[in-house]
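Trainee: sequence and predicted structure are below.
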Amino acid sequence: MKPEYDLSTMKSRRNPYASKLKKPVTMRLSEDVISYFKGMATDAGVPYQSLINLYLRDCVAQHRKVQIAWQSPPVG
């Protein structure tokens, strides 16, 4: 290694991007949801997990709230 590349004298510092690192999680998603995002990811040329992350990040940025309306089973 060249002397000008000697990193042993370099001072360490905190990673400024550490708070933005991704955390691995396990999720159970429906096959149709995975197929939908995989198709979109293929068209966009990005990994489908990155696309899902971008979509969820947009939901956070837009402060979107989930609106769940459970449908009653048909009476019959």
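Mentor: Nice, thanks for sending it over.
Trainee: residue nearest the centroid of the protein?
Mentor: Centroid check for the chain by Cα atoms, centre = their mean gives residue 53 as the closest residue, at 2.4 Å.
Trainee: same for the helix or strand hosting that residue, what does it pack against?
Mentor: Residue 53 is located in helix 48-61, with elements delineated by DSSP states H and E. Other elements packing on helix 48-61 under the criterion 3 or more Cβ pairs under 8 Å, 6 or more residues apart in numbering; DSSP states H and E are helix 31-44. Bear in mind the C-beta positions are built from the backbone N, C-alpha and C, glycine included.
Trainee: tell me where the model's unsure across the protein.
Mentor: Filtered on pLDDT under 70, the chain yields the residue ranges 1-3, 76.
Trainee: switch to 90 and redo it
Mentor: Residues of the chain meeting the criterion pLDDT under 90: 1-24, 66-76.
Trainee: circling back: how far off centre is the helix holding residue 53?
Mentor: Relative to its parent chain, helix 48-61 has a centroid offset of 5 Å by Cα atoms, centre = their mean, to the nearest Å.
Trainee: now swap in stretch 29-39 and tell me
Mentor: Counting by Cα atoms, centre = their mean, stretch 29-39 is centred 15 Å from the centre of its parent chain.
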